[in-house]
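*Asks:* Any chance you can model this:
(one chain, ligands or ions: 2)
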Amino acid sequence: MKAVCWHDKHDVRVETVPDPTILNPRDAIIKITSTAICGSDLHLYEGNIPTMESGDILGHEFMGEVVEVGREVKNLKKGDRVVVPFTIACGGCFFCKKDLWSLCDNSNPNTWMAEKFYGHSPSAIYGYSHLLGGYAGGQAQYARVPYADVGPIKIPDGLEDDKVLFLTDIFPTGYMAAENADIEPGDTVAVWGCGPVGQFAIKSAYMLGAERVIAIDRFPERLLMAQEQGNAEVINYEEIDPGEALKEMTGGRGPDRCIDAVGLEAHGTDAMAVYDEIKQGVKLETGRPTALRQAIVACRKGGTVSIPGVYGGFADKIPLGAIVNKALTLRSGQTHVQKYLQPLLERIQQEEIDPSFVISHRLNIEDAPKGYEIFRNKKDNCTKVVLKP
Ligand SMILES: [Zn+2]
Ligand SMILES: [Zn+2]
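*Replies:* Ligands and ions are numbered 1, 2, ... in the order given. Got it, this is the predicted structure:
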């Protein structure tokens, strides 16, 4: 089959690799009909996530048709259309039973690697380094789906791929970000980053009762999308200081809830951003937390900072003083996708939201390297690339 393979920084290739096979009775094999490149794949593309190996198959946002199931998978059969959550989880451990699927204790065979960095291992993720399991990803024609009896959700006929594909990750991720922000009716929510996760965080914030959403980015087309699709007020941080602007827009109090949908490769215009570039360049820091710092400083006293943005390792100069002295709450986590599949599918079916609004490019899988390149460089107003295998 064809698959998108990672080789090195800025080096992904479409290659012919062996088809996946059932390895475990709870596996299913999916023939992929749609798969997407995620903002978090760009961290791999930039070589900023450790423990990738040459030849690893990328991709954690995919859906398709079941072509084979292991003998213990009773809920799926050949021909079912399914969306696959990016977090691989067993469904039976202490954490899965608490609905904390991205913390599954059983899906990562390489826990020792994650334990070195994090103390404990989170769940595995498709196509996202050996530290997170080393599973082959879904930017391919087929994928092996472990724990297929508890992970994938069946999609009713009549809902096209584009509408449901983002249940794999970015819609639940934006939604959980808003949920983690503890939004109360009447709140003002500020969202850093108007990429796809930011866009879904904006929409979800309104679903959860926000009165105003203010979005921060530097790309005019993304800010426009936040305005037009998300009904957000916007700040271009290259034109005005976001901290000052947020203060002014909230009568000096600051936004009640702040969401960092940027993560470890934030850009900035201040001296600290230069410091981060240098430290990350010489590997003394793994992330550039400009957005997170701004969120913490901008947040109103007693507010919440929610972090859906990806951070892999260590970041410097986090304003702990502001967290403590303003009594902030910080919440984060990889998304517990399995928990959100059914309720968010229902919102799509009820036409509360059509997630396909973020798609800017549809490419054949052969063109994946080009897809990575334009997405990375935000060329051609690229917000989201969907690949057709
Ligand atoms: Zn993703
Ligand atoms: Zn589990």
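
*Asks:* What is the burial count for F171?
*Replies:* 30 (other CB atoms under 10 Å). All C-beta atoms are positioned from the backbone trio N, CA, C, and that covers glycine.

*Asks:* Check the nearest residue to L103 once chain neighbours are set aside and give its pLDDT.
*Replies:* Setting aside the residues directly before and after it, L103 is nearest to F95 in space (CB to CB, 6 or more residues apart in numbering), at 4.1 Å. For F95, the pLDDT comes out at 98.

*Asks:* how far away is F95 from I202?
*Replies:* 29 Å (CB to CB, to the nearest Å).

*Asks:* So for the two, which residue has more residues nearby?
*Replies:* I202 (28 against 20).

*Asks:* how about Q227, secondary structure?
*Replies:* Per DSSP: H, G, I helix; E, B strand; the rest coil, the secondary structure class of Q227 is helix.

*Asks:* beta partners of the residue nearest to it when sequence neighbours are not counted?
*Replies:* In space, and not counting its chain neighbours, Q227 is closest to V234: 5.5 Å by CB to CB, 6+ apart. Note on V234: beta-bridge partners A215, judged by DSSP bridges.

*Asks:* I'd assumed M225 was in contact with V234.
*Replies:* No - with contacts counted by CB atoms under 8 Å, V234 stays clear of M225, the gap being 9.7 Å.

*Asks:* Would you list the strands that the helix or strand harbouring V67 pairs with, along with their directions?
*Replies:* According to DSSP states H and E, V67 maps onto strand 61-69. Each strand that pairs with strand 61-69, with its direction, by DSSP bridges: strand 28-37 (antiparallel), strand 81-84 (antiparallel).

*Asks:* and ligand 1, which of the ones you listed is closest to it?
*Replies:* strand 28-37 (7.4 Å; CB to the ion).

*Asks:* what element comes up after the closest one heading to the C-terminus?
*Replies:* For strand 28-37, the succeeding helix or strand toward the C-terminus, using DSSP H and E, is helix 39-45.

*Asks:* Quick one: list the elements packing against the helix or strand following that next one.
*Replies:* Heading C-terminal from helix 39-45, the first helix or strand you meet, by DSSP H and E, is strand 56-57. Applying 3 or more CB pairs under 8 Å, 6 or more residues apart in numbering; DSSP states H and E, we find strand 56-57 packed against strand 2-8.

*Asks:* any residues touching the strand it packs on, and which ones?
*Replies:* Identification of contacts with strand 2-8 by CB atoms under 8 Å, 6 or more residues apart in numbering yields 12-17, 44-45, 47, 52, 54-59, 136-137, 139-141, 365-366, 368-369, 387, 389.

*Asks:* Off-centre distance for that strand?
*Replies:* Centroid separation for strand 2-8 versus its chain: 20 Å, with CA atoms, centre = their mean, to the nearest Å.

*Asks:* What mean pLDDT does that strand get?
*Replies:* 98.

*Asks:* Mind listing what's buried along the very next helix or strand once past it?
*Replies:* Per DSSP H and E, the first helix or strand lying C-terminal to strand 2-8 is strand 11-16. By neighbour count with 16 or more other CB atoms under 10 Å, strand 11-16 contains the buried residues 12, 14.

*Asks:* Show me what strand 11-16 is packed against.
*Replies:* Strand 11-16 packs on strand 2-8, helix 368-376, going by 3+ CB pairs under 8 Å, 6+ apart.

*Asks:* For the longest one, which helices and strands make contact with it?
*Replies:* Applying 3+ CB pairs under 8 Å, 6+ apart, one finds that helix 368-376 contacts strand 11-16, strand 28-37, helix 39-45, strand 361-364, strand 385-388.

*Asks:* So is the second one next to ligand 1?
*Replies:* No - against ligand 1, strand 28-37 shows no contacts by CB under 5 Å from the ion, the least distance being 7.4 Å.

*Asks:* quick one, helices of this structure?
*Replies:* For the chain, helices defined by DSSP state H occupy the ranges 39-45, 94-97, 111-118, 161-164, 170-180, 196-207, 220-228, 242-249, 271-281, 290-298, 320-325, 337-349, 368-376.

*Asks:* for whichever residue of the stretch 201-350 of the chain sits closest to ligand 2, what are its contacts?
*Replies:* Per CB to the ion, Q338 is where the stretch 201-350 of the chain lies closest to ligand 2, at 9.8 Å. Contact analysis of Q338 by CB under 8 Å, 6+ apart lists 85, 87, 89, 91, 96, 99, 101, 150-151.
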